[in-house]
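Asker: Sequence and predicted structure, then a few things I'm wondering about:
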Amino acid sequence: MLIIGIEGHALTAAERDHLQHPAVAGVILFSRNYASRQQLSELCAEIRAAAPRRQLICVDQEGGRVQRFREGFAKLPCLERFGELARTDARAAHALAREHAYLMASEIIGAGLDLSFAPVADLGRGNLAIGNRAFAAEPESVAAFIESYVAGMHDAGMAATLKHFPGHGSVLADTHFDQAVDPRPFEEIAAVDLPPFSAGIRAGADAVMMAHVVYPQVAPEPAGYSAHWIGKVLKAQMGFTGVVFSDDIGMAAAESAGGVGARIGLHLAAGCDAVLACPSACVADAVAAMPLREYPLDRLEPLYAAQTMAWDKLADNGRYQSALKAMTDMEQV
């Protein structure tokens with residue numbers, strides 16, 4: 001199955017055609033797709049009306065520098081802020097992280113989407129792509145925050161997606177622009193990078209997004225299209241039974257798999273349920289690479305928003321208002 005990107009603030013004729021393909025199971029939105037809350041809600045309604053099957057509408061709304069919708073939405077602190085607070089008051093930091101998750105998820109659902117790909121379960125150890133998107137550098141600290149964040153998303157009726165498995169934080173390169181190779185043995189990765197993912201799985205996380213990182217002492221290919229990482233480690237050893245997403249196949253680190261069709265084929269063959277084709281320039285090739293047949297759309301059922309939460313009702317939602325004040329206060333410190 002595919003999750004596709006679109007070009008602008010409304011669907012083009014070509015994008016309407018893409019939505020007819022049985023492999024297209026959802027749409028991921030970016031800042032390029034946002035002008036206002038009203039426009040965003042209209043776009044989500046347009047996507048749902050144009051497709052002959054239910055669409056999973058997604059975004060990366062983590063907070064900090066990765067917040068696709070800004071004006072009209074709460075300003076969300078980066079996750080690193082909570083790790084910093086935990087050094088002096090861990091209980092308050094975990095409670096605030098849960099409210100950050102609730103606030104984020106409530107607004108995304110209220111705007112008409114289903115899912116924000118969150119939380120980041122990577123460690124904050126200097127990776128150029130992760131940086132302050134991570135809660136902390138220590139596995140135990142990140143694991144505790146992941147449990148709180150998953151709970152907050154679930155409180156709002158949103159599924160949680162752990163990313164980027166098996167851990168993107170301990171290698172320097174940014175996979176958006178470069179190949180990333182982590183030379184450590186499995187034993188070290190398992191002891192250091194996997195605990196936050198294990199904690200998230202125990203907390204009931206519904207999905208996992210893979211990393212475009214190569215761990216050559218474990219498997220020769222990037223984790224995103226590695227049957228070893230997905231099938232043996234994530235599913236067999238860690239017991240994960242939820243949805244597995246690729247990271248964006250438009251990223252530079254995915255190019256090692258070949259052309260767009262080859263990238264999709266390798267990710268699906270390795271065990272990904274859905275492949276993200278985010279740049280609109282690669283969507284036509286992605287759709288063309290998928291056979292015309294039935295796809296297991298029921299795999300995505302747990303990821304649709306569990307409740308409707310109209311934006312205009314958030315003003316009467318006491319928890320939302322409390323969370324909004326708490327995050328606003330954090331941003332003013």
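Answerer: Arrived safely, thanks for sending.
Asker: Would you state the helices of this protein in chain order?
Answerer: Secondary structure of the chain (DSSP state H): helices at 13-18, 37-50, 80-86, 90-110, 139-155, 186-192, 195-202, 227, 260-270, 280-288, 318-332.
Asker: Excluding covalently adjacent residues, which one is nearest to residue 275?
Answerer: residue 246 (4.5 Å; CB to CB, 6 or more residues apart in numbering). For glycine as for every other residue, the C-beta is placed from the backbone atoms N, C-alpha and C.
Asker: show me what contacts the one you found?
Answerer: 209, 210, 224, 225, 254, 267, 272, 274, 275, 276 (CB atoms under 8 Å, 6 or more residues apart in numbering).
Asker: Could I get those residues in JSON lines, plus columns for neighbour count?
Answerer: As requested, the contacts of residue 246 are exported to JSON lines (neighbours: other CB atoms under 10 Å):
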{"residue": "209", "neighbour count": "25"}
{"residue": "210", "neighbour count": "27"}
{"residue": "224", "neighbour count": "33"}
{"residue": "225", "neighbour count": "28"}
{"residue": "254", "neighbour count": "28"}
{"residue": "267", "neighbour count": "27"}
{"residue": "272", "neighbour count": "24"}
{"residue": "274", "neighbour count": "26"}
{"residue": "275", "neighbour count": "29"}
{"residue": "276", "neighbour count": "26"}
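Asker: For the residues you listed, work out which two are farthest apart.
Answerer: 254 and 274 (14.6 Å; CB to CB).
Asker: circling back: state the distance from the residue nearest to residue 275 to residue 80.
Answerer: 26 Å (CB to CB, to the nearest Å).
Asker: do the same with residue 70
Answerer: Counting by CB to CB - residue 70 and residue 80 are separated by 19 Å.
Asker: quick one: which of those two has more around it?
Answerer: residue 80 (20 against 12; other CB atoms under 10 Å).
Asker: Give me the pLDDT for that one.
Answerer: pLDDT, residue 80: 97.
Asker: before we move on, the earlier item: relative to residue 296, which of the helices of the chain is closest?
Answerer: Nearest of those (CB to CB): helix 260-270, 11.2 Å.
Asker: Thank you kindly, that will do.
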